[in-house]
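[1] Okay, sequence plus prediction incoming.
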Amino acid sequence: MSKPITVWDLPRDELLAPGHRMCQGCGAAIAFRHILKAAGKDTIVVMPTCCGEITSTVYPDNAWRVPWIHVAFENAAAVASGIRAGIEVLKRKGVIPKDRQINVVAIGGDGGTFDIGLQALSGTLERGDDVLYICYDNEAYMNTGIQRSGSTPMGAWTTTTPVGKIWRGEWRPKKRKDLVAIAIAHNVPYAATANPAFPLDLYAKVKKALSIRGPKLIHVLSPCVPGWRIEPDKSVAVGKLAVLTGMWINYEYENGVYRVTTPVPKRKPVREYLRLQGRFRHLSEEEIKKIQQLVDAEVERINKLIGKEVIGPVEG
């Protein structure tokens, strides 16, 4: 077993420059910082239109200290595939040394991944292109006004799932789209979930993914201060509660084997997570109970995949 990563193992290089326009407490900013620490300088980042793009590259400035390219909302994965193909051609021609590792990383939001970019992502995974795709998921289209996306959780308020006497935020007949399961269905060698409230886990997963040849996907929860209606100093606490309640599970899939990377022997009730966020403030006790049942079912599913109970029952 490899030695666990500690904070002392993190590179001191800061490849995401200070002075960007991301919100105070932005989960995506924390995630980007640690993704770049894991990937290093020999990395090309492809980013579609998203809040991370417009806030980190306000003309004439650019917060990315690695080669970075902005592409259309729907085609980040396709462009990343093209960049990888171009690198391989240059290696065959001797322009780039054959033994030089250059990471190609696409980073998109949930709108550009779950919805608008899903077709391009599927193509990259299906072809087996050597690309790491990372979705930072703030659970709505935060860049354009907090509209619901394919990753918006049950019960959440958005501007397109308002709260009234009849419509009670986002309610769908079943749980939201499972991005990791979609990736696994393409027979990828590696897929994982991560959370910036657990930066060492995120760092380790990016490092591992980039050491594996072929298509990889990491789905990262990204607390959003304005969209989730939380205080800037509460984003990490909310991210941790997502894991401690089972609303989010940190796990990885590697060549057919599942592993939970942040076990939770006793879960906190989902109420503790929901009540910290203004987007869930309207929920009744009955509605919270329905969400708890949905979370319990997902925890049971993950435990069965692992083969043992690593996410425990709810306290009390």
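    Sure, I can see it.
[2] What's the per-residue pLDDT of residue 80 here?
    The model reports residue 80 with a pLDDT of 98.
[3] Could you list the buried residues of the helix or strand harbouring it?
    Element membership for residue 80 (DSSP states H and E) is helix 76-92. By 16 or more other C-beta atoms under 10 Å, the buried positions in helix 76-92 come out as 76-84, 87. (Each C-beta comes from the backbone N, C-alpha and C, glycine too.)
[4] Who are the packing partners of that helix?
    strand 43-48, strand 68-71, strand 103-109, helix 118-127, strand 132-137 (3 or more C-beta pairs under 8 Å, 6 or more residues apart in numbering; DSSP states H and E).
[5] what's in contact with the last one?
    Which is strand 132-137. Residues outside strand 132-137 that contact it (C-beta atoms under 8 Å, 6 or more residues apart in numbering): 27-28, 31-32, 35, 52, 76-77, 80, 103-110, 113-114, 121, 124-125, 151, 179, 206, 209-210, 215-222.
[6] close enough to count as contact, residue 33 and residue 17?
    No: using C-beta atoms under 8 Å, residue 33 makes no contact with residue 17, being 10.2 Å away.
[7] For those two, work out which one has more neighbours and name it.
    Comparing residue 33 with residue 17 by other C-beta atoms under 10 Å, the one with more neighbours is residue 33, at 19 against 12.
[8] what secondary structure does the more buried one sit in?
    Applying DSSP: H, G, I helix; E, B strand; the rest coil to residue 33 yields a three-state assignment of helix.
[9] Per-residue pLDDT of it, please?
    Confidence score, pLDDT, at residue 33: 98.
[10] do the same with residue 67
    On pLDDT, residue 67 comes in at 98.
[11] closest to residue 146 among the buried residues of helix 76-92?
    Within the buried residues of helix 76-92, proximity to residue 146 (C-beta to C-beta) peaks at residue 76, which comes in at 21.5 Å.
[12] Enumerate every residue touching the closest one.
    With C-beta under 8 Å, 6+ apart, residue 76 has these contacts: 46-48, 106-108, 112, 117, 120-121, 133.
[13] need these in a markdown table with neighbour count, pLDDT and distance to residue 308, can you?
    Shown next, in a markdown table, are the contacts of residue 76 (neighbours: other C-beta atoms under 10 Å; pLDDT from 0 to 100; distance: C-beta to C-beta, whole Å):
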| residue | neighbour count | pLDDT | distance to residue 308 |
| --- | --- | --- | --- |
| 46 | 26 | 98 | 38 |
| 47 | 25 | 98 | 38 |
| 48 | 26 | 98 | 39 |
| 106 | 31 | 98 | 34 |
| 107 | 28 | 98 | 33 |
| 108 | 31 | 98 | 34 |
| 112 | 31 | 97 | 36 |
| 117 | 29 | 97 | 35 |
| 120 | 25 | 98 | 37 |
| 121 | 30 | 98 | 31 |
| 133 | 31 | 98 | 29 |
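[14] among the helices and strands packed on helix 76-92, which is nearest residue 57?
    With C-beta to C-beta as the yardstick, what comes closest out of the helices and strands packed on helix 76-92 is strand 68-71 (6.7 Å).
[15] in that closest one, what's buried?
    Along strand 68-71, these residues count as buried under the neighbour rule (16+ other C-beta under 10 Å): 68, 70-71.
[16] same question, stretch 174-189
    Across stretch 174-189, burial judged by 16+ other C-beta under 10 Å covers 176-177, 179-180, 182-184, 186, 188.
[17] Verify the stated contact: residue 213 with residue 131.
    No: between residue 213 and residue 131 there is no contact under C-beta under 8 Å: 10.5 Å.
[18] more neighbours, those two?
    Neighbours were counted for residue 213 and for residue 131 using other C-beta under 10 Å; residue 131 has more, 27 against 9.
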